[in-house]
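>>> Coordinates only, no sequence provided:
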Ligand SMILES: Cc1cc2nc3c(=O)[nH]c(=O)nc-3n(C[C@H](O)[C@H](O)[C@H](O)COP(=O)(O)O)c2cc1C
């Protein structure tokens, strides 16, 4: 009996009448599919996370980014354990987050695998970056805004690690009111 209940997925058809549920899933595969779809639907921003250690730099497309605390100012980024960014944040003890203009949505596709740094040209995968002044973590030169963080703690979660950083610097670009990119603006999805 427990098994049948565990795989039954319901949603409220009429929130005024919580008894009125519709059973959706026939089994674990369908439940997986529905759960993924629901998690993908969470409205999420899309950012570039910059990291640096030992002269190496990287920018990584990331949606699992959010402010975690107001005082102190803490932001969390959640990174796959196998990602190059994971090693760089762990070793370098810092990261930066670039807020991207909606019009620059094509850029994020260039940072879904480890980026090639050209330190002389100051480009990663051919895209211009700046070293954030406090931590040295790279930020997109054309970012709408960015902030940089010192790593405050790391929480191993499983496939991913939550890196909690304290904001130690922030800056806005020339068009601070530009609309910001969200995952929904792209055909990409992540997580779920
Ligand atoms: C829309 C989208 C959002 C993503 N968000 C994250 C994220 O929040 N955390 C993460 O670890 N990888 C995320 N990724 C995957 C990374 O961009 C990709 O695995 C990257 O190559 C790993 O970074 P690396 O260059 O440090 O190895 C996302 C990918 C896409 C397409």
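The structure has been received and is ready for your questions. Only a predicted model underlies this, so the values are computations on that prediction, with no experimental measurement involved.
>>> After the helix or strand where residue 68 lies, which helix or strand is next?
Applying DSSP states H and E as the criterion places residue 68 in strand 65-69. Where DSSP H and E defines the elements, the next helix or strand beyond strand 65-69 is strand 74-80.
>>> Could you see whether the ligand lies near that next one?
Yes - residues of strand 74-80 are located near the ligand by CB under 6 Å from any ligand atom, namely 78-80. Placement of C-beta: from N, CA and C, glycine included.
>>> what do you get for stretch 30-45?
No - Stretch 30-45 stays clear of the ligand (CB under 6 Å from any ligand atom), getting no nearer than 8.1 Å.
>>> Pull the distance from that stretch to the chain's centre.
The chain centre lies 16 Å from the centre of stretch 30-45; the measure is CA atoms, centre = their mean, to the nearest Å.
>>> And for stretch 166-181?
Relative to its chain's centre, stretch 166-181 lies at 16 Å (CA atoms, centre = their mean).
>>> Please identify the buried residues of it?
Buried residues in stretch 166-181, defined by neighbour count with 16 or more other CB atoms under 10 Å: 166-169, 173, 178, 180-181.
>>> Next: stretch 60-75.
Residues of stretch 60-75 classed as buried by neighbour count (16+ other CB under 10 Å): 60-65, 74-75.
>>> How about residues contacting that stretch?
The contact list for stretch 60-75 (CB atoms under 8 Å, 6 or more residues apart in numbering) reads 44-51, 76-79, 83-85, 97, 108-109, 111-112, 115, 147, 149, 152, 160, 164-167, 183, 190-191.
>>> I'd like the mean pLDDT over that stretch, please.
Stretch 60-75 carries an average pLDDT of 98.
>>> again, but for stretch 161-176
Mean per-residue pLDDT for stretch 161-176: 96.
>>> State the next helix or strand along the chain beyond the longest helix seen in the chain.
The longest helix of the chain (DSSP state H) is helix 28-40. Next along the chain after helix 28-40, taking DSSP H and E as the criterion, comes strand 47-53.
>>> by contact count, what packs against that next one?
Under the contact criterion of 3 or more CB pairs under 8 Å, 6 or more residues apart in numbering; DSSP states H and E, strand 47-53 touches strand 56-62, helix 84-92, strand 94-99, strand 138-140.
>>> would you turn those into a markdown table with distance to the ligand?
Below are the helices and strands packed on strand 47-53 laid out as a markdown table (distance: least, CB to the nearest ligand atom, whole Å):
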| stretch | distance to the ligand |
| --- | --- |
| strand 56-62 | 4 |
| helix 84-92 | 3 |
| strand 94-99 | 11 |
| strand 138-140 | 12 |
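>>> Including distance to residue 131, could those go into JSON lines?
Shown next, in JSON lines, are the helices and strands packed on strand 47-53 (distance: least, CB to CB, whole Å):
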{"stretch": "strand 56-62", "distance to residue 131": "8"}
{"stretch": "helix 84-92", "distance to residue 131": "12"}
{"stretch": "strand 94-99", "distance to residue 131": "9"}
{"stretch": "strand 138-140", "distance to residue 131": "6"}
